[in-house]
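Asks: what would the 3D arrangement of this be:
(one chain, ligands or ions: 1)
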Amino acid sequence: MLKTMYWQDGSLMILDQTALPLRENYIRAADCARVAAAIKTMEVRGAPAIGLAAAYGFVLGAAAFRGAGSDWDEYMKSVVRTLGETRPTAINLYWALRRMENRLQALYAEYGATEPTPETQAGFVAALLAEAEEMAADDERDNRLLGAAGAALLPAAATVLTHCNAGALATGAYGTALGVVRAAREAGRDVRVYACETRPCLQGARLTAWELRRENIPVTLIADGMAAYLMQQGKIDLVLVGADRVAANGDIANKIGTYALAVLAQAHAIPFYAAAPTSTIDLRTGSGGDIPVEERDGDELRFLAGVPVAPPEVAVYNPSFDITPAKYVTGLITEKGVISPPSAAALLKLMTT
Ligand code: MRU
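Replies: Numbering: from 1, shown residues only. Model (predicted):
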């Protein structure tokens, strides 16, 4: 099965998504700073995947501590800062770091000490690694659960429009929106996918198309601006995307271009679903307007695969995500089931039961 990342000999091996689909190349991240750089440069990307990478980065940070007069607590805070200051939109990053910090607190109680000694450090690191590995296993289990819940929504033959990459590459394994597609295929449904290319970083063209073709799932690539015409022609049964953060009122942050698809879907009476594990739901963020939207370098638009495609000095606005108001979302597919519509009350109930 496709491995987005794995632990090997004290390092995190990361499938370099910037090189796909041309090269399947794993990067060896041997320290926390390299993991942070991989997240920032999108060598690893997708909300659950960056959360997992950050968890392993936390382990690498703890392993690199060299006592000698430095303060453990301050040091681990700086590890969390390094990892947390990479990409601000996906809540999974902060969720994963919080889970690792909670495990560390529990270790203090288990060891009866609030910092490791040279003798106990290996034990601390092993326990933190076990937590990160468990998080990866939970991620795959949850994706399979949400996949099955979402598959039940699909007709026997369905054509799905998706955006960006919410597949195995964006998670530890299996995927969220593409997890639904996988589960539907496994259940014997005839599912076909149209993938928006997803400018400017082309996650749809480079990653979704590559990932689905590897498994012989029928996929057709379209430019982002073609979606409306396909809907008008009756070619789309359902829009299915992932999410980087779901606010308490059901507003959803996802890859730039998602909002346009949601409005278009409503105009054409096509269901619009987001698929995400509950670790993507952030009840502390009231509404979409409170979600920090990452802005990335303008060169992502000025160049295409290193080739200039715009005047070099042209001003660029490059928000990496947008916010889809809850009113456009037919339902949210999670590992705990589907909530339709994703109202504030339904989200609260989902997260507290
Ligand atoms: O900038 P990216 O590629 O990290 O953006 C990814 C997305 O927007 C995905 O749709 C989202 O993270 C969900 S992935 C299961």
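Asks: the helix or strand hosting I50 and the ligand in contact?
Replies: Using DSSP states H and E, I50 falls within helix 47-63. Yes - counting by CB under 6 Å from any ligand atom, the ligand is contacted by helix 47-63 at 47-48. Any C-beta I mention is one placed from the backbone N, CA and C, and that applies to glycine too.
Asks: before we move on, what about stretch 272-285?
Replies: No - interface with the ligand: stretch 272-285 contributes nothing (CB under 6 Å from any ligand atom), its closest point being 6.7 Å away.
Asks: how far is that stretch from where the chain is centred?
Replies: The chain centre lies 11 Å from the centre of stretch 272-285; the measure is CA atoms, centre = their mean, to the nearest Å.
Asks: for that stretch, what does the pLDDT average out to?
Replies: Mean pLDDT, stretch 272-285: 98.
Asks: got it, and stretch 260-269?
Replies: pLDDT averaged over stretch 260-269 gives 98.
Asks: what sits up against that stretch?
Replies: With CB atoms under 8 Å, 6 or more residues apart in numbering as the test, stretch 260-269 has contacts from 161, 163, 196, 224, 227-228, 231-232, 236, 239, 241, 270-272, 322, 324, 328-329.
Asks: buried members of these into PyMOL, please.
Replies: Buried members of those, defined by 16 or more other CB atoms under 10 Å, are picked up in PyMOL with:
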select buried, resi 161+163+196+227+231+236+239+241+270+271+272+322+324+328+329
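Asks: give me the number of residues near whichever residue of the chain sits closest to the ligand?
Replies: Proximity of the chain to the ligand (CB to the nearest ligand atom) peaks at G242, 2.6 Å away. By the criterion of other CB atoms under 10 Å, G242 has 32 neighbours.
Asks: strand partners of the helix or strand encompassing I27, parallel vs antiparallel please.
Replies: I27 is located in strand 26-29, with elements delineated by DSSP H and E. Here strand 26-29 has these sheet partners by DSSP bridges: strand 11-15 (antiparallel).
Asks: in three-state terms, label the closest residue to V80 other than its chain neighbours for me.
Replies: Spatially, and ignoring its direct neighbours in sequence, V80 is nearest to L97 (5.4 Å; CB to CB, 6 or more residues apart in numbering). Look at L97: counting by DSSP: H, G, I helix; E, B strand; the rest coil, its state is helix.
Asks: same question for A310.
Replies: Taking three-state DSSP, the label given to A310 is coil.
Asks: contacting residues for it?
Replies: 301-302, 316.
Asks: next one: H163
Replies: Contacts of H163 (CB under 8 Å, 6+ apart): 195-196, 198, 204, 224, 239, 241, 254-255, 257-258, 261.
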